[in-house]
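Novice: what follows is a predicted structure for the sequence shown.
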Amino acid sequence: MILNTSKWKNFCLDKLFTISAGIYHYSDEYDIGDTPYISASNENNGIQQRINLDPEFSGDCIITGKVGCTTFYQSEDFCATSDVNIFRPKNFELNRKIGLFITAIINFSENYKWNYGRQCRVGDSKKIIIKLPTKMKDDVYVIDSEKIFSDEGYIPDFDFINQFMEYVENGESVCEGSIKDSLRTTNMKWDKSFDIKIANWKDFYLHKLFKTRMGNGIDAVVTTNYNPKYNYVSRDSNGNGVVGFVDEIEGEEPFPAGTMSLALGGSFLGSCFIQKESFYTAQNVGVLQEREPLSIYTKLFIATLIRNECKIKYQAFGRELNSHFRKDFTIKLPIKMDKTNIVYDENKFYSDEGYIPDWEFMDNFIKNLPYGDRI
């Protein structure tokens, strides 16, 4: 089942939920026990630890952490710190399926907007707007005259949400495609002709291989997602660096699919990805655009070497990439050879010494890796 969000409508969380903060307890007030103690953690369903206090909040609700707006569905009764916002439904029944669905929507649309310096408190939470499936009859929106769920009278389609989550939970156990297919590979035996021998590899400046430039440098706070069109790429090591899906921004030119993004600083310095969709970038993200057509396999080979080089020679908050990736950043690559002789480029397009990267070797190396045939 593929979700078509084109007919989803906006809903303000303040219309859907009553939102309140948790209650902080000093560490000398409790000991180890059975009650979940929820914090602003982004792991373990937000459970910091289990304590021996009686639960102060009943389960079957949604919670968010103030620091990153990381969202979880809580099924158990619990205690929560004051760094947690607690969401209880106003005019609908919140079950596990609906809770998990809305949790995923909030995480997708909000996580990248909030951090330690810009925390999402109760007042901020009430202003959050998310898109949800909307109730329709004969392809016409059902309008609630009392406008309980939205000022326009739209009604979330909770029946659809329940059905979709049922499909998600049960579909993979009976289907023969999707995840199961992705686990199959024909590359069961390594071809030794692709063994790495770096003795003849040579250094190449990154700016000679790619058009290197700074990204858009757009702050998350100025992005919106009412009618999202482009990926929003930040300095992240997960999800291909994509941390949001945002609206078109007037005056900003998105980068085309196939371009490579490079985290220039921060904790994930050197994270390099091939972007499969058009995108904008956050602050401190570089962009690498090929000077000649390169396959996705070759780009993956180079992206891996860039990450490895950064781990060795560069440091977050110290020696970051900003002043280097367009000037003196180098990587070693296999070079083109005619048997045992180096093939030189008289025009010195790729290097001042005339070396030519062996694009064919890089391409075939990645293709022959286990699961390389699944790319």
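Specialist: That came through, no problem.

Novice: next SSE downstream of the helix or strand bottoming out on mean pLDDT in the chain?
Specialist: When the helices and strands of the chain are compared on mean pLDDT, DSSP states H and E, helix 179-182 comes out lowest with a mean of 55. Later in the chain than helix 179-182, the nearest helix or strand by DSSP states H and E is strand 202-205.

Novice: quick one: buried residues of that next one?
Specialist: Under the neighbour-count criterion of 16 or more other C-beta atoms under 10 Å, strand 202-205 has 202, 204, 205 buried. Every residue, glycine included, has its C-beta placed from N, CA and C.

Novice: in whatever helix or strand comes next after it, what counts as buried?
Specialist: Later in the chain than strand 202-205, the nearest helix or strand by DSSP H and E is helix 206-209. For helix 206-209, the neighbour count (16+ other C-beta under 10 Å) marks 206, 207, 209 as buried.

Novice: now do the contacts for the second one.
Specialist: Spelled out, that is residue 207. When contacts are counted by C-beta atoms under 8 Å, 6 or more residues apart in numbering, residue 207 is found next to 325, 326, 327, 329.

Novice: change it to 6 Å
Specialist: Residue 207 makes contacts with residue 326, as judged by C-beta atoms under 6 Å, 6 or more residues apart in numbering.

Novice: all strands of the stretch 251-375 of the chain, in order?
Specialist: 260-263, 272-274, 279-281, 285-290, 330-333, 337-338, 341-342 (DSSP state E, counting those that start in this stretch).

Novice: how about low-confidence regions in the protein?
Specialist: Across the chain, the ranges flagged by pLDDT under 70 are 1-2, 171-184, 188, 190.

Novice: these two touch, right, residue 268 and residue 234?
Specialist: No. Residue 268 is beyond contact range of residue 234, at 9.1 Å (criterion: C-beta atoms under 6 Å).

Novice: re earlier: now the buried residues of helix 206-209 as JSON lines including distance to residue 5?
Specialist: Output for these, formatted as JSON lines (distance: C-beta to C-beta, whole Å):
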{"residue": "206", "distance to residue 5": "38"}
{"residue": "207", "distance to residue 5": "39"}
{"residue": "209", "distance to residue 5": "38"}
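
Novice: and the helices in the stretch 251-375 of the chain, which stretches?
Specialist: Using DSSP state H, counting those that start in this stretch, the helices of the stretch 251-375 of the chain run over 296-313, 359-367.

Novice: can I get these in TSV including mean neighbour count and distance to residue 195?
Specialist: Formatted as TSV, those follow (neighbours: other C-beta atoms under 10 Å; distance: least, C-beta to C-beta, whole Å):
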stretch	mean neighbour count	distance to residue 195
helix 296-313	18	15
helix 359-367	18	10
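
Novice: re earlier: who's more crowded, residue 268 and residue 234?
Specialist: residue 234 (24 against 16; other C-beta atoms under 10 Å).

Novice: what sits against that one?
Specialist: 243, 282.

Novice: then residue 99?
Specialist: 62, 73.

Novice: again, only this time at 10 Å
Specialist: 59-62, 71-75, 87, 89, 161, 165 (C-beta atoms under 10 Å, 6 or more residues apart in numbering).

Novice: residue 236 too?
Specialist: 112, 242, 243, 261, 263, 266, 267, 268, 271, 273, 282, 285.

Novice: who touches the fourth one in this structure?
Specialist: By C-beta under 10 Å, 6+ apart, the residues touching residue 261 are 215, 231, 233-236, 240-242, 255, 271-275, 279, 281-282, 285-288, 303.

Novice: does it have beta-bridge partners, and which?
Specialist: residue 273, residue 287 (DSSP bridges).

Novice: count of residues packed around residue 156?
Specialist: So residue 156, with other C-beta under 10 Å, has 23 neighbours.
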